[in-house]
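[1] next comes the sequence, and after it the predicted model I'd like to discuss.
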Amino acid sequence: MPKPRFENIGIGTRVSIKADTYIQNMIDVPLHFHPEYEIVFVLKGRGKLYVSGAETDFCEGQLFFIGGNVAHLFEDENIRTGKQAPSKVVVIQFTEKLFERLWDLPEFDQIRYFLSQISRGIKVEDVASESELVLSMVAAEGIDKFNKLITLLDHIIKCKKYSFIGNEQFISDVKNAAAIRLQKLNLFITVNYSRDITIDQAAHLLRIQKSSLCRFLKKETGKTFSEHVNDFRVRQACKMLRESSKNIAEVCYASGFNNQAYFYRQFKKIIKQSPMDYRLKRKIRA
């Protein structure tokens, strides 16, 4: 299993809960982790989920809960078969601090305990009664989205129809100094990827020498600084190609590249296909 990489979810200071529907021919998210808790509802598709040192099958109609800073990977069976059948999932992500001011309330005792256990990964087989609630969270905003999340957690806990995927002794603990440093760097890249980013700026941010930053990145990601930034920019380009109507040139510049030829080379190097081929195969369908 490859080393997990940090993923910046993009939840800002104005929202604490993110809910989106994703449709694509193959789920191609690598092994990764993020501080946010994650709920995944599988509407279409099947494959395997790797979490907390264990694996389980996933298929249509199942709901999964994954804790913050836990390495996980959804591997679509189409990755192995090469079929072009689309998969569809609803992904809900929320910050670990969302409920912290409510933990002292007795009404939140069960939710607090439930969330303390999901670093093992939780699988819910029968979600017929909760499916409409999950789907409605995509369009919900503000307090309505918050209330729906609490209601969903309350339903799952009361029905007691869930099972743990991993064993406690295998729980991945990536909350360490290296993860925090990488998180800080990736947040800086997330905010600034569309403009020029220099290694001097990054080293100054982390308060380390450029040579130390290079060694750190090579150890943690296997990449140089420029490769790490390019990888992030290409992933942003992929998102734009799937979800926006921008043409290839617009995507190139919007994702932080200032040379189209260089963008094409980096995209093909990282994604193994051209931007146009990627768009044709992965673009989200309404």
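    Right, received. Where do you want to start? Residues are numbered from 1 along each chain as shown.

[2] can you map out the strands along the stretch 101-250 of the chain?
    With DSSP state E, counting those that start in this stretch as the criterion, the stretch 101-250 of the chain has strands at 122-124, 162-164.

[3] quick one: mean pLDDT for the last one?
    Meaning strand 162-164. Taken as a whole, strand 162-164 carries a mean pLDDT of 89.

[4] so where's the chain shaky on pLDDT?
    For the chain, residues meeting the criterion pLDDT under 70 lie at 1-6, 10, 12-13, 26-30, 52-53, 79-82, 167-180, 283-286.

[5] pipe the strands of the stretch 101-250 of the chain into a markdown table and attach distance to Phe146 and mean neighbour count per row.
    All C-beta spots, glycine's among them, are computed from the backbone N, C-alpha and C. Below are these laid out as a markdown table (distance: least, Cβ to Cβ, whole Å; neighbours: other Cβ atoms under 10 Å):
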| stretch | distance to Phe146 | mean neighbour count |
| --- | --- | --- |
| strand 122-124 | 21 | 20 |
| strand 162-164 | 22 | 16 |
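
[6] next, format these as a markdown table and append distance to Gln260.
    As requested, the strands of the stretch 101-250 of the chain are exported to a markdown table (distance: least, Cβ to Cβ, whole Å):
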| stretch | distance to Gln260 |
| --- | --- |
| strand 122-124 | 45 |
| strand 162-164 | 49 |
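
[7] surely Ser16 and Ile92 touch.
    No. Ser16 is not in contact with Ile92 according to Cβ atoms under 8 Å; the separation is 11.5 Å.

[8] of those two, who's got more company?
    For Ser16 versus Ile92, neighbours defined as other Cβ atoms under 10 Å are more numerous around Ile92 (23 against 18).

[9] hey, what's the more buried one bridged with?
    Applying DSSP bridges to Ile92 gives these bridge partners: Ala19, Ile39.

[10] contacts only, for it.
    By Cβ atoms under 8 Å, 6 or more residues apart in numbering, the residues touching Ile92 are Ile17, Lys18, Ala19, Glu38, Ile39, Val40, Phe41, Val134, Met137, Leu149.
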